[in-house]
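Participant: Sequence below, structure please.
(one chain, ligands or ions: 2)
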Amino acid sequence: MAVSVFEKFSTMRRDLAEWLIERDQEIDLVLTALIAQEHVLLVGPPGTAKSMLADAVVRWMDGNRFQVLLTKFTTPEEVFGPISLAGLKSDHYRRITDGKLPTADVAFVDEIFKASSAILNTMLTILNERRFDNDGERIDCPLQLCVAASNEWPGSNGDGKELGALFDRFVLRKHVRPIATERGLTRLLWGPQNLEPKLSTAISPEEIGEASFKASSLTWGVKAQDAFESIIRESKSEGIVPGDRRMKKAVAIGRAYAWLNGHTEVETDDLEILAHVLWDDPAEQPGKLAKIVGKIANPEGMKINSLLMEAEQIISGTDLKDLSATATACKKLGEVHTQLKGLSGVKASMAAEHVAAEVKRIRLATVEAL
Ligand SMILES: Nc1ncnc2c1ncn2[C@@H]1O[C@H](COP(=O)(O)OP(=O)(O)OP(=O)(O)O)[C@@H](O)[C@H]1O
Ligand SMILES: [Mg+2]
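Facilitator: Ligands and ions are numbered 1, 2, ... in the order given. Presented below is the predicted three-dimensional model:
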């Protein structure tokens, strides 16, 4: 039986989450960008699996792929294609674009902010308008998704202005952080040698087009609309004012994420994704916006996360060989467990189970240390 496009996206979401530790949000961001036909930017320190995720998504897609690692010496030829010698003979300055960005369905641009001015403007037109001017001939670019990565936000070394326009093209942007939990670290160190995620499906440009079309026809529920307006209002009062284009695009991103979540209309909890859309300045706004969005879009989820974080802090701050410290830790974890039990929903009960398992693990480790 043919697998539906929705099932393919769901399977990919699961496949990636199985291989990539603590990258659930980044995975959702990339898949949502693909559904919405927008671009995504991941910024974070070296070795945080940005390339691993981007490579996997590029590999998943059947169409023309293009990958490049930009340096300030990268030439336009490497990105847009070499000049045709045959064309030059008849006075044409035409590029052979096969296998390069103008003809790509999916692209991964690493170190994007290293782009020189010779590349910047042409790349902008491809990302934004899906258009490439080849010696006067207009080429329509099929680009469905560009994943870009960088170690730093633009502006951190005085290059902010020139790169501002490029930065704004990325509707979804996220700071990628190193693995934060002990459990994650254990998985990283002692889990399987995951050189690259194993993917159980592949997807064609046409299927992605179908996903985009289906997502774009979802409507927004009234509650979700109200929640969206509250997020905009509260953000404004905190000095976060995303441009009009960004706000309009956020509406489409909401639809794409709702579709990925299997919803038939946009629901309030789909708005969580907008924490990565509705800010402009990477210095302080993402954190502030995340709080506003969390409070409005998913108050329960936010409570669960903060309790889980508390549990993690208790665990990482405890010396398992110190009997009285472990006793105190288990007592505190017991309180966190009770609070989680008091919340409703599957996520809360899964979190409660996780904390209970941790208490068990600590008790066992203490006994073994005796
Ligand atoms: N969250 C994670 N889950 C699984 N593996 C990880 C994770 N973080 C790091 N790794 C491991 O570290 C390797 C390095 O990751 P990767 O090359 O994707 O980092 P990067 O963010 O692209 O770094 P750079 O900025 O230097 O390009 C991965 O191939 C993987 O083995
Ligand atoms: Mg990388």
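Participant: can you list the residues of the protein near ligand 1?
Facilitator: Applying CB under 6 Å from any ligand atom, we find that the chain lies next to ligand 1 at 20-23, 44, 46-52, 151, 179, 188, 194. Every residue, glycine included, has its C-beta placed from N, CA and C.
Participant: switch to 8 Å and redo it
Facilitator: 19-23, 42, 44-55, 110-111, 149-151, 176, 178-179, 184, 187-188, 191, 194-196 (CB under 8 Å from any ligand atom).
Participant: In strands only, show me these.
Facilitator: Taking DSSP state E as the definition of strands, the residues of the chain next to ligand 1 contribute 42, 110, 149-150.
Participant: Sitting in helices, which of the residues of the chain next to ligand 1 do you find?
Facilitator: 19, 50-55, 184, 187-188 (DSSP state H).
Participant: Of those residues, just the buried ones, PyMOL syntax please.
Facilitator: In PyMOL, a selection of the buried entries from these looks like this (16 or more other CB atoms under 10 Å):
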select buried, resi 19+50+51+52+53+54+55+184
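Participant: any idea which of the ones in helices among the residues of the chain next to ligand 1 is closest to residue 69?
Facilitator: residue 51 (9.2 Å; CB to CB).
Participant: if I read this right, that closest one contacts residue 110, doesn't it?
Facilitator: Yes. Counting by CB atoms under 8 Å, residue 51 touches residue 110, with 6.6 Å between them.
Participant: intersection of neighbour lists for those two?
Facilitator: Contact criterion CB atoms under 8 Å, 6 or more residues apart in numbering; residues shared by residue 51 and residue 110: residue 149.
Participant: Leaving out sequence neighbours, find the closest residue to residue 126.
Facilitator: residue 141 (5.1 Å; CB to CB, 6 or more residues apart in numbering).
Participant: From residue 200, how far off is the one you found?
Facilitator: Residue 141 is 30 Å from residue 200, where distance means CB to CB, to the nearest Å.
Participant: So those two - more neighbours on which side?
Facilitator: Taking other CB atoms under 10 Å, residue 141 and residue 200 do not tie; residue 141 has more neighbours (20 against 10).
Participant: Roughly how far does that one sit from ligand 1?
Facilitator: 25 Å (CB to the nearest ligand atom, to the nearest Å).
Participant: shouldn't that residue be in contact with residue 128?
Facilitator: No. At 10.3 Å, residue 141 does not count as touching residue 128 under the criterion of CB under 8 Å.
Participant: follow-up on the earlier one: and the furthest pair within the ones in strands among the residues of the chain next to ligand 1?
Facilitator: 42 and 110 (9.9 Å).
Participant: contact partners of the helix or strand of the chain with the lowest mean pLDDT?
Facilitator: None of the helices or strands of the chain scores lower by mean pLDDT, DSSP states H and E than helix 160-169, at a mean of 81. Outside helix 160-169, the residues that touch it by CB under 8 Å, 6+ apart are 39, 41, 112-113, 115, 117, 120, 123-124, 127-128, 153-155, 173, 243, 246.
Participant: and if we set it to 6 Å?
Facilitator: 113, 124, 127-128, 154 (CB atoms under 6 Å, 6 or more residues apart in numbering).
Participant: Tell me, what's the model's pLDDT at whichever residue of the stretch 201-350 of the chain sits closest to ligand 1?
Facilitator: Using CB to the nearest ligand atom, the closest approach of the stretch 201-350 of the chain to ligand 1 is made by residue 312 at 15.8 Å. At residue 312, the predicted lDDT confidence score is 87.
Participant: That one should be in a strand, yeah?
Facilitator: No. Counting by DSSP: H, G, I helix; E, B strand; the rest coil, residue 312 is not found in a strand; it is helix.
Participant: Spatially nearest residue to it, not counting backbone neighbours?
Facilitator: Sequence neighbours aside, residue 181 is the residue nearest to residue 312 in space, at 5.2 Å (criterion: CB to CB, 6+ apart).
Participant: any idea how far the one you found is from residue 305?
Facilitator: From residue 181 to residue 305 the distance is 12 Å (CB to CB).
Participant: Can you flag the buried ones in the contacts of helix 160-169?
Facilitator: For those, a burial check counting by 16+ other CB under 10 Å picks out 113, 127, 154.
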